[in-house]
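A.B. asks: Give me a model of this one.
(2 chains)
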Amino acid sequence: MSKFRLPRSLLLGCAALALTAGAASQAFANKVFVSNERGNTVTVVDSATWETVTEFPAGNRPRGIGISPDGKHLYVCASDDDAIKVFDTETYEFLWSLPSGPDPELFVVSPDGSKIYVSNEDDNLVTVVDTQKKTVEAEVPVGVEPEGMALSPDGKFIINTSETTNMAHFIDSADYKIKHNILVDQRPRYARFTNDGSLLFVSSEIGGTVSVISMTGESGPELKTKISFEVPGVLPEWLQPVGMRVTADNKWLFVALGPANRVAVVDVETLKVVKYILTGQRVWQLEFTPDEAYLLTTNGNSNDITVIDVAAQEAIKSVQVGQQPWGVVVAPD
Amino acid sequence: MKALRLVVLPWVCCTLLAAASLASAVSSVDALEIKTGVLKVEYPTLPPVSRYDEAPEDLGFAGAQLGNEDNATTGSFLGHSFSLETRSVPPEGADAAVKELLDAGVHTLVLIANGADTERLAKAAGDGVIVFNAAAPDDELRGEKCLANLLHVAPSRAMLADSVAEFVIWKRWPRWFLIEGSNPADQALAAAYKRAAAKFGAKIVEERVFEDTGGSRRTDSGLVLVQRQIPVFTQDAEEHDIVIAADESDVFAPYLPFHTWTPRPVAGSAGLRPVSFHAAHEAWGATQFQRRFEKLTGRYIQPVDYNSWLAVRVAGEAVTRTGSDDPAVLKKYVLSKDFELAAFKGQKVTFRDWDGQLRQPILLTDSRITVSVSPQEGFLHQFSPLDTLGIDRPETSCKAFAQ
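C.D. replies: Okay, here's the model as predicted:
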């Protein structure tokens, strides 16, 4: 336990530093939480200094990671413990587990923090968990191997992608019934809306594409186009889109390309790739800092995160974290 | 009630619920009913050298069943229903069983049989059905004897041998001591290793035949004799880096590791083995596939199960994407550039349009873990690194696939 006291005092020091830095650059210091799949830990990084604050045990095989809207609770899918573990974001103490079904991998938190929606790969279900009562509120049957989860900005739809069925399922958040299904390319891993809710992006790892779904079609969501990727000198097989983020102004889509070690920058207006940013190895999930000054990438095979300057669309720094980083979340301001 | 049914029959219940809740979500799609037949020919065999290799009764059927359930779950969102008919027959009953399955109206037929029977049964099935070869590794079935209605999800001997060769060359072990069995299948496998050696620049410095003298393979104190016989059998070979075993008949290869006269690693039919899949494989989402299989069957998956799962999924994916149950439409789609399938091996699998062989990575296992996966890094190809494994377009002698 004493092992973790020193970093905590370090954290205070960092916070003080960040305050000074913040006065000059208008940036807040935010805690960055990175789940380390192999290390069984979460690494905490300070976004003002990009220094590692601490690393704490987070259960077995931590992957999907999220935070409550008030920033107090950190949710970690401990895949090999078949549970979502909840930690205090100040003390890093383990608080309790939420029921998740076996091998939880990805989830989304409802805007008010009252529910989390978990994909449950073994049972072809999306599980709705009440975060207060710590109970399962509903189970929604979906396609084979549910994986990616997203929430429409208006809260109407919960999106799930099923990796073997190769569909995006549109679950109505009011009655938990599926209202639409759209076929996408092989092994859809991740889904993300634009901030205005007009477009939904679905990344297909094995298909190598991002499906662009228009939410404003006459008869509901419709597949608009597919974005493909091409990097000279990289085998097409390694261009495997996974994690995604869209800037709040709906202008730029960032796509992590897995073993291609690059993040693609897509102009949302034209849906064309304008740039590939070199990152660490096996780039997996992405997250912005709340001010969107920076985009962070987890790099599973180089044990680091890459810090990308969003405005410049350039990688500016890499920070060593634990073993095989998988997911990343940043505490709100 | 729902909860209880979920516990008892989780999959069935899910599907029913999905189908029910989705009726409204299915938009103007024609309802289809797709029937798949799986025929397994049971040959008289001796018990295997290792009892780990004993074939479960549902070998192959279990994989097809999982594939059918996967298809059915997806189909429930589209108005497509999938069903499976299985037949296990002795060789003399195979032709009648094919006729029976065709009469039952199967759209696709999965064969788990040896090369000669696969060829004859596929011919008998005719062009009104897509036949998948889920077991026979014979290269001639993909070559001079290829058939337009026969697609191969099982890897060929050439693919298996090439996948070992690439790894061994990557390791810079170019001097091979080839030990082959005396049965025709072993000789064919040995020929594939000789071809692989020439293709990748290895040299077979020594070649010996291990005669199959018959008799049972396991005896109570057999290991005592093995420990004396194998060193003698492998004595005085030319200086070599690795022993390559070609023993498809499972007569001697498992005895080679640790017993060779010169301490060298073994690959091929023992030691480092090339397989389409194995039960310890976890990368690329395979863990969840393993768990689904084990939940369904109560046992570990074997390569033939994976092959039959693939066959059923290929057909299902074609139905999902084309919205058709016409075997001609399905076959055209499967052989087209549009077809792709995720198969838990890190990249999409597709078909070669010159011989109907599925392009796929091959796992190299020590029978405990995945040691490596071929194609290996650095083996380049103008079209796909997967085509460095097996018979490439310019070399094919297959003429049944119009290009």
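A.B. asks: Please, where are all the helices along chain B?
C.D. replies: Shown for chain B, the helices assigned by DSSP state H span residues B:2-8, B:10-22, B:61-76, B:94-103, B:115-125, B:157-170, B:184-200, B:222-233, B:286-297, B:303-322, B:327-334.
A.B. asks: Looking at stretch B:353-364 now, give me its mean pLDDT.
C.D. replies: Mean pLDDT, taken over the full extent of stretch B:353-364, equals 97.
A.B. asks: Then stretch A:237-246?
C.D. replies: The pLDDT scores in stretch A:237-246 average 96.
A.B. asks: Using CSV, write down the CA coordinates of that stretch.
C.D. replies: Included here for stretch A:237-246 are C-alpha records, laid out as CSV according to Å, rounded to 0.1, in the frame of the first residue of the first chain:
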residue,chain,number,x,y,z
GLU,A,237,-4.1,-6.3,-44.3
TRP,A,238,-2.6,-4.3,-41.5
LEU,A,239,-4.8,-1.3,-42.0
GLN,A,240,-7.3,-2.3,-39.3
PRO,A,241,-9.5,0.5,-38.1
VAL,A,242,-10.5,0.3,-34.4
GLY,A,243,-11.0,3.3,-32.0
MET,A,244,-12.4,6.6,-33.3
ARG,A,245,-13.1,10.1,-32.1
VAL,A,246,-14.8,13.1,-33.8
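A.B. asks: and it, how far from the chain's centre?
C.D. replies: 12 Å (C-alpha atoms, centre = their mean, to the nearest Å).
A.B. asks: for the stretch 151-300 of chain B, what are the low-confidence residue spans?
C.D. replies: Scanning the stretch 151-300 of chain B for pLDDT under 70 picks out B:216, B:218-221.
A.B. asks: The stretch 301-403 of chain B too?
C.D. replies: For the stretch 301-403 of chain B, residues meeting the criterion pLDDT under 70 lie at B:403.
A.B. asks: got the helices of chain B as TSV, with distance to A:Phe28 and mean neighbour count columns?
C.D. replies: Using the backbone N, CA and C atoms, a C-beta is placed for each residue, glycine as well. Converted to TSV, the helices of chain B look like this (distance: least, C-beta to C-beta, whole Å; neighbours: other C-beta atoms under 10 Å in any protein chain shown):
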stretch	distance to A:Phe28	mean neighbour count
helix B:2-8	46	11
helix B:10-22	44	18
helix B:61-76	45	25
helix B:94-103	67	17
helix B:115-125	67	19
helix B:157-170	49	26
helix B:184-200	57	20
helix B:222-233	69	14
helix B:286-297	39	19
helix B:303-322	47	26
helix B:327-334	53	18
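A.B. asks: Of all the ones you listed, which one is nearest A:Gly39?
C.D. replies: In this view, the helices of chain B are compared for proximity to A:Gly39 by C-beta to C-beta, and helix B:286-297 is the closest at 18.6 Å.
A.B. asks: Ramachandran angles for the most centrally placed residue in chain B?
C.D. replies: Geometric centre of chain B, nearest residue: B:Ala154, 3.3 Å, by C-alpha atoms, centre = their mean. Taking degrees, to the nearest 10, you get phi -70, psi 140 for the backbone angles of B:Ala154.
A.B. asks: Double-check it against B:Asn307; I have them as touching.
C.D. replies: Yes. Using C-beta atoms under 8 Å, B:Ala154 makes contact with B:Asn307 at a distance of 4.9 Å.
A.B. asks: quick one: common contacting residues for those two?
C.D. replies: With contacts taken as C-beta atoms under 8 Å, 6 or more residues apart in numbering or on different chains, the residues that reach both B:Ala154 and B:Asn307 are B:134-135, B:276.
A.B. asks: Where does the residue lying closest to A:Thr225 once chain neighbours are set aside fall, secondary structure wise?
C.D. replies: Beyond its immediate neighbours in the sequence, the residue positioned closest to A:Thr225 (C-beta to C-beta, 6 or more residues apart in numbering or on different chains) is A:Val212, lying 5.0 Å away. For A:Val212, the host element (DSSP states H and E) is strand A:209-214.
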